[in-house]
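Undergrad: just a sequence and a predicted model for now, questions to come.
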Amino acid sequence: MEESSTQDHIELDEDTADLGTSPIPAAPYYQPDYFALEVEAIFRRSWLQIGHVCELPEPGSYIVREIEIADASILITRGRDDVIRAFHNVCTHRGTQLVSECEGSRSRFSCPYHRWTFADDGELLSAPDFERFYVDKADCALTPVAVDVCARLIFVNLDATPQESLAEFLGPLATELEELPSAQATTFSEYTYEIEANWKLTYDNFQENYHLRFIHPRSGAAAAGPQNPFGYPVNFGFHGTHRTQTIWSNPDARPLPFQGLAFVKGAELAMRDGFGDVTRAKQYYAIFPNLFLLGSPMTPFSQCVIPLSPTRSRGVIRLYWNGEDDCASRRFAREYAMATARDIHSEDRAVIEAGQRGLNSGALTHIHFQSQEILCRHLFQEVNRRVENWRAERDAAGRALL
Ligand code: FES
Ligand SMILES: [Fe+2]
């Protein structure tokens, strides 16, 4: 059968002419120099999703999260006053990492070295023989990190003075995100993977459907059909630095009996959990720089692609739930949703890594994105704009010192 393009029924939410059609340089997908610029220009100064409010269930709860590329360890607390705060996990005496567990519950944090003790609001409460120091306790509080919450997702920004608030950064999308299942969730299932691939190459895999029919002929069969053989999305949206797409759903998809059972059970539970209308179109949010959220009550999914090196990344995938598993059918529906996500991602992994090996060879000066890979093009343009701006700022500051 001759393949028909679905280009005709793709509606662009706005003119994408600014994104261009030129080939994209390959070096930013493997070169250490470019990666170092991304760390400074993006990851040290953007809002990064790092957790969910349900990880801090009560006053005294805390979590510690590492941001390896910035050599940062972040302590996030829910204080006795119920306020969520974040700090560098660094004792202000001589810099020892204060907390070694990744989560727990307590309202005081004592440094293992000389026992300086901090409150959950960062204040230095006590320090042995403090009279011998030449500083006030009030000047020894933990170093705060900017933190804020949207849709019960916790974001931090490593910039000591962020250029914009989380609400400004998310813009009108913030209201839409508050409608997502994560905003109702009380728990989640998680799996993480590490992959030998650049963070953008990995992320791009999840924002184009061009590969779907070749890499997911079995698991992705329901997402493509004769009217849309590549399973391209219904539309794309560009929201400043962020992106969205509405996923096409195949009206002719025929699930296997056990898939149908999981679907019916999942739909029942999603409605009971208040996750919204299970029949509404799936909206996929690509939040800059490295977060995906799926706005579907049936697949309450997020993925964060965390850069570890120019050619290594970690993916954190979460499915959000409301309430514990309290019956076998709930357990089945959740396990099925997670198993499906794992299935699809395990199929992607080998080609992403093969792509990285090819790029690492330096054989290509450029790569190409077609019109249905526009979200990948948009990510590169956003990254590159920030990298170039930061490089210009740094060079201007360098010249001023001369
Ligand atoms: S380094 Fe923490 S108390 Fe000395
Ligand atoms: Fe895929």
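TA: Happy to help now that I have it. Ligands and ions are numbered 1, 2, ... in the order given.

Undergrad: ok, and the closest non-adjacent residue to residue 76?
TA: residue 86 (4.7 Å; CB to CB, 6 or more residues apart in numbering). To be clear about C-beta, it is placed using only N, CA and C from the backbone, and glycine gets the same treatment.

Undergrad: which SS class is that neighbour?
TA: strand (DSSP: H, G, I helix; E, B strand; the rest coil).

Undergrad: isn't it right next to residue 73, touching?
TA: No. Residue 86 is beyond contact range of residue 73, at 11.0 Å (criterion: CB atoms under 8 Å).

Undergrad: any idea how far the residue nearest to residue 76 is from residue 272?
TA: 34 Å (CB to CB, to the nearest Å).

Undergrad: go on, residue 28?
TA: Distance from residue 28 to residue 272, by CB to CB: 46 Å.

Undergrad: those two: which is more packed in?
TA: Between residue 28 and residue 272, counted using other CB atoms under 10 Å, the more crowded position is residue 28 (22 against 11).

Undergrad: secondary structure class for the more buried one?
TA: Residue 28 is classified as helix under three-state DSSP.

Undergrad: show me what contacts it?
TA: 34, 38, 200, 380, 383-384, 387 (CB atoms under 8 Å, 6 or more residues apart in numbering).

Undergrad: the helices in this structure, which residues?
TA: Taking DSSP state H to define them, one finds helices in the chain at 32-38, 166-170, 173-177, 199-205, 212-215, 257-272, 328-360, 374-401.

Undergrad: dump the ones you listed into a markdown table; add mean pLDDT and distance to ligand 1 as well.
TA: Shown next, in a markdown table, are the helices of the chain (pLDDT from 0 to 100; distance: least, CB to the nearest ligand atom, whole Å):
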| stretch | mean pLDDT | distance to ligand 1 |
| --- | --- | --- |
| helix 32-38 | 98 | 29 |
| helix 166-170 | 98 | 31 |
| helix 173-177 | 95 | 38 |
| helix 199-205 | 98 | 33 |
| helix 212-215 | 92 | 50 |
| helix 257-272 | 70 | 47 |
| helix 328-360 | 92 | 40 |
| helix 374-401 | 94 | 32 |
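
Undergrad: quick one: neighbours of residue 397, just the number.
TA: A count of neighbours around residue 397, defined by other CB under 10 Å, yields 9.

Undergrad: phi first, then psi, for the closest residue to residue 75 other than its chain neighbours.
TA: Nearest residue to residue 75 in three dimensions, chain neighbours excluded: residue 89, at 4.2 Å (CB to CB, 6+ apart). When read as degrees, to the nearest 10, the backbone of residue 89 gives phi -80, psi 60.

Undergrad: residues contacting residue 89?
TA: Contacts of residue 89 (CB under 8 Å, 6+ apart): 64, 73-75, 97-99.

Undergrad: for ligand 1, see how far away it is.
TA: 11 Å (CB to the nearest ligand atom, to the nearest Å).

Undergrad: repeat that for residue 325.
TA: Computed as CB to the nearest ligand atom, the residue 325 to ligand 1 distance reads 41 Å.

Undergrad: I figured that residue was touching residue 332, is that so?
TA: No. With contact defined as CB under 8 Å, residue 325 and residue 332 do not form a contacting pair (9.2 Å).

Undergrad: how many other residues sit next to residue 147?
TA: Residues near residue 147, counting by other CB under 10 Å: 21.

Undergrad: my guess is it meets residue 77, correct?
TA: No. Residue 147 is beyond contact range of residue 77, at 9.7 Å (criterion: CB under 8 Å).

Undergrad: overlap in contacts, these two.
TA: With CB under 8 Å, 6+ apart, residue 147 and residue 77 have common neighbours 84-86.

Undergrad: mind checking the pLDDT average for stretch 73-85?
TA: Stretch 73-85 shows an average pLDDT of 97 in the prediction.

Undergrad: that one near ligand 1 at all?
TA: No. With CB under 6 Å from any ligand atom as the criterion, ligand 1 is not reached by stretch 73-85; the gap is at least 13.5 Å.

Undergrad: run through who's touching that stretch.
TA: Residues contacting stretch 73-85 (CB under 8 Å, 6+ apart): 50-51, 53, 56-67, 86-90, 97-99, 107, 109, 119-122, 142, 144-145, 147, 149, 154, 156.

Undergrad: give the contact list for residue 42.
TA: 289, 383, 386-387.

Undergrad: may I have the phi/psi pair for residue 46?
TA: According to degrees, to the nearest 10, residue 46 has phi -120, psi 160.

Undergrad: how about the nearest residue to it, chain neighbours excluded?
TA: residue 289 (5.6 Å).

Undergrad: burial count for residue 174?
TA: The number of residues near residue 174, taken as other CB under 10 Å, comes to 14.

Undergrad: oh, that last question was meant for residue 354, not what I typed.
TA: For residue 354, using other CB under 10 Å, the count is 12.

Undergrad: so it versus residue 360, what's the distance?
TA: Residue 354 is 11 Å from residue 360, by CB to CB.

Undergrad: what do you get for residue 165?
TA: 38 Å.

Undergrad: can you check residue 50 too?
TA: 29 Å.

Undergrad: neighbour count for these two, which is higher?
TA: More neighbours surround residue 50 than the other of residue 50 and residue 360, with 23 against 17 (other CB under 10 Å).

Undergrad: residue contacts, the more buried one?
TA: Applying CB under 8 Å, 6+ apart, the residues near residue 50 are 65, 67, 74, 76, 154-156.

Undergrad: near the closest residue to residue 274 other than its chain neighbours, how many other residues are there?
TA: Using CB to CB, 6+ apart and skipping residues adjacent in sequence, the residue nearest residue 274 is residue 184, 5.3 Å away. Number of residues near residue 184 (other CB under 10 Å) recorded here: 20.

Undergrad: which residues touch residue 184?
TA: For residue 184, the contact set (CB under 8 Å, 6+ apart) comprises 152, 273-275, 320, 322.

Undergrad: apart from its chain neighbours, what residue comes closest to residue 295?
TA: Using CB to CB, 6+ apart, the nearest residue to residue 295 is residue 283, at 3.9 Å.

Undergrad: who does that neighbour form a beta bridge with?
TA: residue 246, residue 295 (DSSP bridges).

Undergrad: how near is the residue lying closest to residue 108 once chain neighbours are set aside to ligand 1?
TA: In space, and not counting its chain neighbours, residue 108 is closest to residue 117: 5.5 Å by CB to CB, 6+ apart. Noted for residue 117: a distance of 9 Å to ligand 1, by CB to the nearest ligand atom.
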